[in-house]
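> give me coordinates for this.
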Amino acid sequence: MSTTYKDDQGDWLTVCLKYLLFVFNFLFWVGGAAVLGVGVWTLVEKSDYLSLLASSTFAVSAYILILAGSLVVVTGFLGCCAVIREQKSCLSTYFSCLLVIFLIELVAGVLAYVYYQRLSDELKQHLNHTMSANYNQQDAEAITLAVDRLQQDFKCCGSNNSGDWMQSIYIGSPEAQDRLVPDSCCKTITPLCGLRDHPSNIYKVEGGCISKLEQFLADHLLVIGAVGIGVACLQICGMVFTCCLYRRIKIDPY
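Okay, here's the model as predicted:
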């Protein structure tokens, strides 16, 4: 009878490695679900705001996390099969999948970090122009809805302050009906409530909507980075366990 992995069944180290990989796969599934959840949460929660951003880096980071999370769920099953079948070929495939997912999460983490560094500058340069030039304009319905939701959700008015709306194409048009700010600036929205820009009627937050949106996106990017780093560290452990078990298997069983 050929020498097989069965000969090493009594080896406590090999048994420990198998159990460690099973535990790792369970944690890996949990981590994959977390990565997938964060990616979906990033796109669904306040997704309207993505139309206000000048670049698609934030959305791309979320899509990459969704891809990585989906792959993790599938790879977890492969890992269990690799341990149960005790074959080098399965372990090699499993290790390759872990490495690919690790690299994908690394890319998402780098994108999130880079975008985090220039988030403030992008918002300051583009948000005011986007709001003043596109609000309530033809073919810009998505931006109009996003601005209205932004101002109501974060209780703010204007990019830096309510006075920014005086530069708006919409406010300067007959369609505004002499409004000083859009109705979505009002604490209690009623028809033509934007005619009064007194603090008792509209939101006047220091820093305007830029500071609110910046904080919101920064918090999301920190969560993306934290989850990505946590799962990536977990994958490094999995790759080490896989390599150790691979080295202890002499010949694939028949």
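
> how about low-confidence regions in the stretch 1-150 of the chain?
1-11, 45-46, 86 (pLDDT under 70).

> now do the stretch 151-254 of the chain
In the stretch 151-254 of the chain, residues with pLDDT under 70: 249-254.

> rerun at 50
251-254 (pLDDT under 50).

> and the helices in it?
208-248 (DSSP state H, counting those that start in this stretch).

> residues contacting the nearest residue to residue 168 once chain neighbours are set aside?
Among residues not flanking residue 168 along the chain, residue 132 sits closest, at 4.3 Å (Cβ to Cβ, 6 or more residues apart in numbering). For every residue, glycine as well, the C-beta is placed using N, CA and C. The contact partners of residue 132, by Cβ atoms under 8 Å, 6 or more residues apart in numbering, come to 159, 164-165, 167-169.

> which residue ranges of the stretch 1-150 of the chain form helices?
Along the stretch 1-150 of the chain, counting by DSSP H, counting those that start in this stretch, helices occupy 12-44, 57-85, 88-134, 141-153.

> for residue 95, state which of the contacts of residue 132 is nearest.
residue 159 (49.2 Å; Cβ to Cβ).

> tell me the contacts of the closest residue to that closest one other than its chain neighbours?
Excluding its sequence neighbours, the residue lying closest to residue 159 (Cβ to Cβ, 6+ apart) is residue 128, at 3.8 Å. Residue 128 is in contact with 159-160, 164, 210, counting by Cβ under 8 Å, 6+ apart.

> likewise for residue 151?
Contacts of residue 151 by Cβ under 8 Å, 6+ apart are 157, 182, 184-185, 203, 209.

> same check, this time on residue 75
28, 32, 94, 97-98, 101.

> for residue 71, same thing?
If you count contacts by Cβ under 8 Å, 6+ apart, then residue 71 has 32, 97, 100-101, 104 around it.

> equivalent analysis for residue 144, please.
Residue 144 touches 134-137, counting by Cβ under 8 Å, 6+ apart.

> and for residue 50?
Applying Cβ under 8 Å, 6+ apart, the residues contacting residue 50 are 43, 56, 58-59.

> from the contacts of residue 75, pick the one nearest residue 178.
For the contacts of residue 75, the nearest to residue 178 is residue 32 (54.9 Å; Cβ to Cβ).

> residue 65 contacts residue 37, doesn't it?
No: Residue 65 is not in contact with residue 37 according to Cβ atoms under 8 Å; the separation is 9.2 Å.

> neighbour count: those two, which is higher?
Applying other Cβ atoms under 10 Å to residue 65 and residue 37 shows that residue 65 carries more neighbours, namely 30 against 14.

> distance-wise, check residue 171 relative to residue 102.
Using Cβ to Cβ, to the nearest Å, residue 171 is found at 50 Å from residue 102.

> residue 13 now?
25 Å.

> more neighbours, those two?
The neighbour count for residue 13 versus residue 102, taken as other Cβ under 10 Å, is higher for residue 102 (20 against 11).

> neighbour-wise, which one of the contacts of residue 128 leads?
residue 159 (27 neighbours).

> list the contacts of that residue.
127-128, 131-132, 208-210.

> would you check how far apart it and residue 108 are?
From residue 159 to residue 108 the distance is 29 Å (Cβ to Cβ).
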